[in-house]
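[1] this is a predicted model, with the sequence first.
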Amino acid sequence: MRYKDKHQLAAEWQSLLERTPLALRQAVETLVESRRDIFADHFYQVMLEDPHASLFLSNEQVKNRLHPSMQRWLSAMFAVEHADFESLVEQQEKVGQVHARIDIPVNLVLNGARQLKQALYEHINSTFSAELSSGDAAVYVSDHIDMAMEIMSHAYSVANNRNTRMEEAYKLFSLTQSIGDERERQRSALLNWENALMFAVAAQQATTALPRLASSEFGLWYHHKACHAFEGAPEITTISRHIRLVDEQWLAQLGDPDSQRRLTALSSIRDAARTILMLLDDVLDRASGLEAGRDSLTRLLNRKFLSVVLSREIEIARHSEKCFALLMVDIDHFKAINDTHGHDAGDNVLQQVASILDRSTRGGDYVFRMGGEEFLIVLVDTDQDGSRLFAERLRHAVAKEPMLAAADTLLNVTVSVGVTLHDGHPDYQRSMQRADQALYQAKRSGRDRVVVAAVTE
Ligand SMILES: Nc1nc2c(ncn2[C@@H]2O[C@H](COP(=O)(O)OP(=O)(O)OP(=O)(O)O)[C@@H](O)[C@H]2O)c(=O)[nH]1
């Protein structure tokens, strides 16, 4: 069932607000505005005492940024006038998405909300005058925070499910890197089943003893691995339907006393096997290219697995002395290569640069093609000096290798590199932005250079 849309949530929130008398809302707004720093302080103090929560909050940058944003959130939540409830809903969704990206457990978020409510109740009780019901104010505060939590939790679970599916797909992809071998193996497994079936038919075996496609070597691989790895692909539903048709309909019809019907069944089975092979080829073709995680031109990882990789590296960095660096690498004046020598020449250059990046990195590093002529290297187990040195070596390696753009065209190509170290902040998008800015600076200051972004506390 679909969850309420933004419009419904906004309307629900508005009616919640309108149930509370204006004077009471005004009093809560005044209280929140005058003490929002106290509430934010209380929140951090209590949460930092929780060893699980402090993993996410103890970083200096989190404190510096989240403290003011928590205060802004409180002000927005308890404003008397809300010009636009949909944007209030969107704000909560964004918070939920950040929580998912950071991978903060939902119980910690709920605990945080409870702590805030507690602090608000205490201040309401101690400051409200007799003519304003502190009980009603507490209900109002509680309903509002619950509403925000409901929206955050939904956004969190949507994003979290996506992350989990991505992670599983990534693991499977790493396990089944050799799509070519798999294709051949399953192709012959399906043909083996077909041969075994023909043999059994020729030997006039009872229909109940005929080999079922679903329990054949191919059927088992398909059910246990392919369905999982390629979940959601349209071909999967059709292949499953064909397997069912074969097992439940055509095999039974092979025992029909009418020879014409038996022949029809045999040819239907053959057609079904051909269709399955064809559809499987389509799925595997896509899997060996872009969708499985590798960019089809350069064979580098494509950015869809970036969040899986960075979340894991952040988790590793949390428990180790060593850090990782992000290197944003961009080919200089690439458009001019395309414009002067053609798109194919551009593609050749992209492949050669990608190959240098791949060769220059160690087994534990990751190289992504972010799109166009931009690449991202996740350099593991490094520090500021190490990552700068690596980036400089990479820049030299590209500059000194003439690129074969076409049979008779050798080009000198350079790259600009923006480098940054992961700063301990649980949200990797911040480091990505820093690397981007460093790259921008490298471009602005003349290209063919490395700029290392300082990690500011
Ligand atoms: N051949 C080829 N070109 C691509 C591909 N993807 C993107 N491009 C082209 O890459 C060019 C990138 O140009 P810009 O973003 O202007 O950058 P630039 O010319 O490298 O300039 P600077 O980055 O500022 O040094 C565009 O012309 C894109 O069309 C691809 O897969 N193959």
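    Arrived safely, thanks for sending.
[2] pLDDT (mean, whole number) over the one helix or strand V32 maps to?
    V32 belongs to helix 22-49 when assigned by DSSP states H and E. For helix 22-49, the mean pLDDT works out to 90.
[3] now for that helix, which elements pack on it?
    In terms of contacts (3 or more C-beta pairs under 8 Å, 6 or more residues apart in numbering; DSSP states H and E), helix 22-49 is packed against helix 51-57, helix 60-77, helix 106-127, helix 134-175. Every residue, glycine included, has its C-beta placed from N, CA and C.
[4] show me what the longest one is packed against.
    Taking 3+ C-beta pairs under 8 Å, 6+ apart as the contact definition, the neighbouring helices and strands of helix 134-175 are helix 6-18, helix 22-49, helix 60-77, helix 85-102, helix 106-127, helix 227-229, helix 306-318.
[5] for D365, phi and psi?
    Per-residue torsions, D365: phi -80, psi 160 (degrees, to the nearest 10).
[6] rewinding a little: D282: which of the helices and strands packed on helix 134-175 is closest?
    helix 227-229 (14.2 Å; C-beta to C-beta).
[7] for the helix holding V32, buried residues please.
    Residues of helix 22-49 classed as buried: 24-25, 27-29, 31-32, 35-36, 39-40, 42-44, 46-47 (neighbour count, 16 or more other C-beta atoms under 10 Å).
[8] what residues does the stretch 201-350 of the chain have near the ligand?
    Those residues of the stretch 201-350 of the chain that sit near the ligand, judged by C-beta under 6 Å from any ligand atom, are 297, 330-336, 338, 343, 346-347, 350.
[9] can you get me a residue count around the residue of the chain at minimum distance from the ligand?
    Residue nearest to the ligand within the chain: G346 (2.5 Å; C-beta to the nearest ligand atom). Other residues near G346 number 21, with proximity taken as other C-beta atoms under 10 Å.
[10] just checking, it touches F334?
    Yes - if you go by C-beta atoms under 8 Å, G346 and F334 touch, sitting 6.7 Å apart.
[11] poorly predicted segments of the stretch 151-300 of the chain, please.
    Scanning the stretch 151-300 of the chain with the threshold set as pLDDT under 70 gives 167-178, 228-229, 231, 286-293.
[12] what segments of it are helices?
    179-202, 217-221, 227-229, 234-245, 251-253, 259-288 (DSSP state H, counting those that start in this stretch).
[13] so what does G371 look like in phi/psi?
    Main-chain dihedrals, G371, degrees, to the nearest 10: phi 130, psi 150.
[14] what about it, distance to R303?
    Distance, G371 to R303, by C-beta to C-beta, to the nearest Å: 7 Å.
[15] more neighbours: these two, which one.
    A count of neighbours by other C-beta under 10 Å puts R303 above the other of G371 and R303, at 16 against 10.
[16] contacting residues around the more buried one?
    Going by C-beta atoms under 8 Å, 6 or more residues apart in numbering, R303 touches 368-371, 376.
[17] tell me where the stretch 351-457 of the chain has strands.
    Along the stretch 351-457 of the chain, counting by DSSP state E, counting those that start in this stretch, strands occupy 366-371, 374-382, 403-406, 409-411, 415-421, 450-452.
[18] in CSV, list the ones you listed along with mean pLDDT.
    Below are the strands of the stretch 351-457 of the chain laid out as CSV (pLDDT from 0 to 100):
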stretch, mean pLDDT
strand 366-371, 92
strand 374-382, 94
strand 403-406, 92
strand 409-411, 94
strand 415-421, 97
strand 450-452, 98
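[19] out of those strands, deepest packed?
    Burial of the strands of the stretch 351-457 of the chain is given as mean neighbour count (mean count of other C-beta atoms under 10 Å); strand 415-421 ranks first at a mean of 26.
[20] just the C-alpha atoms of that strand, please, in PDB.
    Extracted C-alpha coordinates of strand 415-421, given in PDB (Å, rounded to 0.1, in the frame of the first residue of the first chain):
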ATOM      1  CA  VAL A 415      44.200  15.900 -15.700                       C
ATOM      2  CA  SER A 416      43.300  18.200 -12.800                       C
ATOM      3  CA  VAL A 417      42.800  16.600  -9.400                       C
ATOM      4  CA  GLY A 418      41.000  17.700  -6.300                       C
ATOM      5  CA  VAL A 419      42.000  15.800  -3.200                       C
ATOM      6  CA  THR A 420      40.500  15.700   0.200                       C
ATOM      7  CA  LEU A 421      40.800  13.500   3.300                       C
END
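[21] that one pairs with which strands?
    The pairing partners recorded for strand 415-421 under DSSP bridges are strand 323-331 (antiparallel), strand 450-452 (parallel).
[22] got these as a markdown table, with distance to D358 columns?
    Listed next are the strands paired with strand 415-421 as a markdown table, based on distance: least, C-beta to C-beta, whole Å:
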| stretch | distance to D358 |
| --- | --- |
| strand 323-331 | 12 |
| strand 450-452 | 19 |
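[23] most packed of those?
    Among the strands paired with strand 415-421, ranked by average contacts under mean count of other C-beta under 10 Å, first place goes to strand 323-331 (a mean of 25).
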